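>>> Quick one, fold the following:
(2 chains)
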Amino acid sequence: MDLKALFKKAGNTLEGGVRIAKKRSSTLSCPRCGSEYDKESVLKNHWACPRCGGYFRMSARRRLRFLCDTDSFQELDRDMASKDILNFPGYSEKLAGAAEKCGQKEGVLCGICKIGGQDACIFAMEPDFMMGSMGSVVGEKITRLFEYATERHLPVVGCTVSGGARMQEGIVSLMQMAKVSGAVKRHSDSGGFYLTIITNPTTGGVTASFAMLGDVIVAEPGALIGFAGPRVIEQTIRENLPKGFQRSDFLLSHGFLDAVVPRQELKDFVEKMLRIHGEAGRQGDAQHDNF
Amino acid sequence: MTIFEKIQYTRSGKRPTAAAYIDALFTDFIQLHGDRRFGDDNAVIGGIAMLGNTPITVIGIEKGHDTKDKIQHNFGQANPEGYRKALRLMKQAEKFHRPVITFVDTAGAYCGIGAEERGQGSAIAENLYEMMTLKTPILSIIIGEGGSGGALALAVADAVWMLENAYYSVVSPEGCASILWKDPAKADEAAQALKPDAGNLYELGIIEKIIAEPEDFSADAEKNLFFHTLQKDLADAIRPLQGMQTDTLLTERYDKFRKVGAYDRNHH
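Got it, this is the predicted structure:
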């Protein structure tokens, strides 16, 4: 046993989530079976464990690198940063710490990209920025992305991972759920295509808003997806939860997912979906080009 | 009262619940049941009623009074079918151009195995999504507890009003204290920090009106005056909303939520 690890401060674990032990920068250990690998071999295997198939947690950047065509991602609203609206105790420090930890100003990356040569708007939430929680900036950036996509008739691909609405911005965080949902609705009403990719874990206010509003909703295998977190439910009903509760297959069997797509097949799946939807909303332009 | 004392007051059972509002403010209430999908959730009550001469679709989250009644209403904690019933009634209101008035009083959407199996997150999301473009006026009143997503699912409205001692919050103060400080006993501090009271929410531009409360709801004369004033205020607020062009109504509703949030742009 690594003695040093015993004295390490506990990392920021997402409820029901996994923790990547910080080892020497080039070595990673599988969150499921503990096998250690160098970064290269994990990368080659689509960020999954070559032995047991368990998924390593992906940062937003890595997620985008993995889904977007090489060098095609152009970030929007990169400099937007949160304010401590309510003067909430400890929030400013937490924001600074989170920004330092993941080298990003906030909990979501938004932009435009190409996937299989097709234009799309894309967002990826950042699990290490305050548990991917949604405050003003996360809500504003995703709203702007949908508005941008609506204006330009582009599809939106969204990757979620989140503990829900961010407590430190109080009611303002809650309102982001309505704000983003409104922008998704306008995008949808204009004929835009929205594909949601739910990853482990996605709970609370994100599940109760844009994660569940895709035209097509898929999840990675084994992802925890729910409104209430499993611990809260256990405390409420004072019972143990059934095996597999709130995991991807559970949601699939209850009718809330279109498919469970293994990480290795995800990029192909997204490409295919975008092709079928013809960069939804652009059909008009395409017909015009035929003349 | 401190913010936390106000929150405790909303939970005390010493205030009128949604059913009392429906009874006092409207006439000819006809209750309509069921979500046409799974069942009828008694935590949400709804139907059609008259506000003066105007037909209204009324929906409320009902906590109940005595123990038996509370159990029947699941202590005002709705399951997905409750939110789906509310949406069904709102779509019906849209079809017949009836304004919608909702009364929100819930600690939160119910946390349970069945609620997750039937898609609590999906049900709430659908309500936010559909209410944003529902082509008829919506007015919501937070009468007691406005517990997170379970409250918001009935409060995406053209106007959101709040009772003086009600609260509306992203998380319960107890939940906030136990998650952030590992100490539910710090709920009092969490309540201060979350600023979920009517005064703060008005300052933040989240609500349009604070409704003054009687000192004591058990005093009949005070209570009657309270309802009488509220009834008049509702009629005065609904009329101009009904007169608006649908496009304008929906644009203003979108913008009301669109503008919520504050952020910095750091240039370096």
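>>> For the stretch 1-150 of chain B, which residues are neighbours of chain A?
B:109, B:111-113, B:115-122, B:124-126, B:128-130, B:132-133, B:148-149 (Cβ under 8 Å from any Cβ of the partner chain). In this view, the C-beta of every residue, glycine as well, is placed from N, C-alpha and C.
>>> now with 10 Å?
Where the stretch 1-150 of chain B comes near chain A, counting by Cβ under 10 Å from any Cβ of the partner chain, the residues are B:77, B:80, B:83, B:108-133, B:146, B:148-150.
>>> Which pLDDT value belongs to A:A10?
For A:A10, the model assigns a pLDDT of 42.
>>> How about the one 4 residues further on?
According to the prediction, A:L14 has pLDDT 43.
>>> Equivalent analysis for A:E279, please.
Model confidence at A:E279 (pLDDT) stands at 51.
>>> Same check on B:G108?
We have a pLDDT of 97 for B:G108.
>>> List the contacts of it.
A:227-228, A:232, B:76-78, B:145-151, B:169, B:171-172, B:175 (Cβ atoms under 10 Å, 6 or more residues apart in numbering or on different chains).
>>> pretty sure B:I211 is touching B:Q231, no?
No - look at B:I211 against B:Q231 with Cβ atoms under 10 Å: they stay out of range, at 11.7 Å.
>>> quick one: contacts for the spatially most central residue of chain B?
By Cα atoms, centre = their mean, chain B has its centre lying nearest to B:V104, at 2.4 Å. Shown in contact with B:V104 (Cβ under 10 Å, 6+ apart): B:18, B:59-61, B:76, B:140-147, B:150-155, B:157, B:160, B:162, B:166, B:168.
>>> Could you do B:G205 as well?
A:172, A:175, B:256, B:259-260.
>>> With pLDDT, secondary structure and distance to B:K70 as added columns, please give the residues you listed in JSON lines.
Shown next, in JSON lines, are the contacts of B:G205 (pLDDT from 0 to 100; DSSP: H, G, I helix; E, B strand; the rest coil; distance: Cβ to Cβ, whole Å):
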{"residue": "A:V172", "pLDDT": "98", "secondary structure": "helix", "distance to B:K70": "32"}
{"residue": "A:M175", "pLDDT": "98", "secondary structure": "helix", "distance to B:K70": "30"}
{"residue": "B:K256", "pLDDT": "98", "secondary structure": "helix", "distance to B:K70": "34"}
{"residue": "B:K259", "pLDDT": "97", "secondary structure": "coil", "distance to B:K70": "38"}
{"residue": "B:V260", "pLDDT": "97", "secondary structure": "coil", "distance to B:K70": "33"}
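>>> Now for these: which two are most distant?
Farthest pair in the contacts of B:G205 (Cβ to Cβ) is A:V172 and B:K256. Separation: 13.5 Å.
>>> And these two? Which one has more around it.
A:V172 (26 against 21; other Cβ atoms under 10 Å in any protein chain shown).
>>> what's the nearest residue to B:E126 if we skip its chain neighbours?
B:L87 (6.3 Å; Cβ to Cβ, 6 or more residues apart in numbering or on different chains).
>>> let me fix that: B:E222
B:P214 (3.6 Å).
>>> B:E116 belongs to a helix?
Yes - the assignment for B:E116, made by DSSP: H, G, I helix; E, B strand; the rest coil, places it in a helix.
>>> pretty sure it is touching A:L241, no?
Yes - assessed by Cβ under 10 Å, B:E116 is found in contact with A:L241 at 9.2 Å.
>>> Are there residues contacting both of those two? Which ones?
Contact criterion Cβ under 10 Å, 6+ apart; residues shared by B:E116 and A:L241: A:230, A:233.
>>> Which one's more surrounded, those two?
Neighbour comparison, B:E116 and A:L241: the larger count goes to B:E116, with 26 against 14 (by other Cβ under 10 Å).
>>> ok, that one - contacts?
So B:E116 contacts A:207, A:225-228, A:230, A:233, A:241, A:245-246, A:250-251, A:254, A:256, B:80, B:110 (Cβ under 10 Å, 6+ apart).
>>> how does it look with 8 Å?
Applying Cβ atoms under 8 Å, 6 or more residues apart in numbering or on different chains to B:E116 gives the contacts A:226-228, A:233, A:245-246.
>>> Give me the distance between the residue positioned nearest the centre of chain A and chain B.
Chain A has A:T160 as the residue nearest its centroid, 2.3 Å off, counting by Cα atoms, centre = their mean. Distance check for A:T160 against chain B: by Cβ to the nearest Cβ, to the nearest Å, it reads 11 Å.
>>> thought that residue was touching A:V206?
Yes - taking Cβ atoms under 8 Å as the definition, A:T160 is a contact partner of A:V206 at 5.6 Å.
>>> Show me whatever sits in contact with both of the two.
A:125, A:132.
>>> got any ranges where the chain has weak pLDDT?
This is for chain A. Low-confidence segments of chain A (pLDDT under 70): A:1-25, A:279-291.
>>> oops, I was thinking of chain B
Within chain B, the stretches with pLDDT under 70 are B:266-268.
>>> And the helices in it?
Ranges of helices in chain B, per DSSP state H, are B:3-10, B:18-25, B:67-72, B:80-95, B:113-117, B:120-131, B:148-152, B:173-181, B:187-194, B:198-203, B:220-243, B:246-258.
>>> Would you indicate which residues of the fifth one are buried?
In this case it means helix B:113-117. If you call a residue buried by 16 or more other Cβ atoms under 10 Å in any protein chain shown, then helix B:113-117 has these buried ones: B:113, B:115-117.
>>> Send me that helix as CSV with only the CA atoms.
Extracted C-alpha coordinates of helix B:113-117, given in CSV (Å, rounded to 0.1, in the frame of the first residue of the first chain):
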residue,chain,number,x,y,z
ILE,B,113,-37.2,4.7,-6.3
GLY,B,114,-40.5,5.0,-8.2
ALA,B,115,-39.9,8.6,-8.9
GLU,B,116,-36.5,7.8,-10.6
GLU,B,117,-38.0,4.8,-12.5
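>>> Of the residues of the stretch 1-150 of chain B next to chain A, grab the buried ones for PyMOL.
For the buried members of the residues of the stretch 1-150 of chain B next to chain A, the matching PyMOL selection, counting by 16+ other Cβ under 10 Å, is:
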select buried, chain B and resi 77+80+83+108+109+110+111+112+113+115+116+117+118+119+120+121+122+123+124+125+126+127+128+129+130+131+132+133+146+148+149+150
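>>> show me what contacts the nearest residue to B:P55 once chain neighbours are set aside?
Once flanking residues are discounted, B:P55 sits nearest to B:R98: 5.1 Å by Cβ to Cβ, 6+ apart. With contact set as Cβ under 8 Å, 6+ apart, B:R98 has these partners: B:48, B:55-57, B:92, B:136.
>>> Kindly reformat these as TSV and extend each row with neighbour count.
Below are the contacts of B:R98 laid out as TSV (neighbours: other Cβ atoms under 10 Å in any protein chain shown):
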residue	neighbour count
B:I48	19
B:P55	15
B:I56	25
B:T57	24
B:Q92	15
B:T136	20
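>>> Show me which pair in the residues you listed is furthest apart.
Within the contacts of B:R98, B:I48 and B:T136 form the most distant pair, 13.0 Å apart (Cβ to Cβ).
>>> follow-up on the earlier one: look up how far B:L234 lies from the residue nearest to B:E222.
Relative to B:L234, B:P214 is positioned 17 Å away (Cβ to Cβ, to the nearest Å).
>>> Among the two, which residue is more densely surrounded?
Neighbour count, other Cβ under 10 Å: between B:P214 and B:L234, B:L234 has more, with 22 against 15.
>>> Wait, the more buried one touches B:I101, no?
Yes - using Cβ under 8 Å, B:L234 is in contact with B:I101, at 6.7 Å.
>>> okay, and the common contacts of those two?
Counting by Cβ under 8 Å, 6+ apart, the residues touching both B:L234 and B:I101 are B:51, B:139.
>>> one step back: among the contacts of B:G108, name the buried ones.
A:227-228, A:232, B:76-78, B:145-151, B:169, B:171-172, B:175.
>>> in chain A, which spans are helices?
Along chain A, the segments classed as helices by DSSP H run A:3-7, A:39-44, A:60-67, A:91-102, A:136-151, A:170-189, A:204-207, A:230-237, A:248-253, A:263-276, A:283-290.
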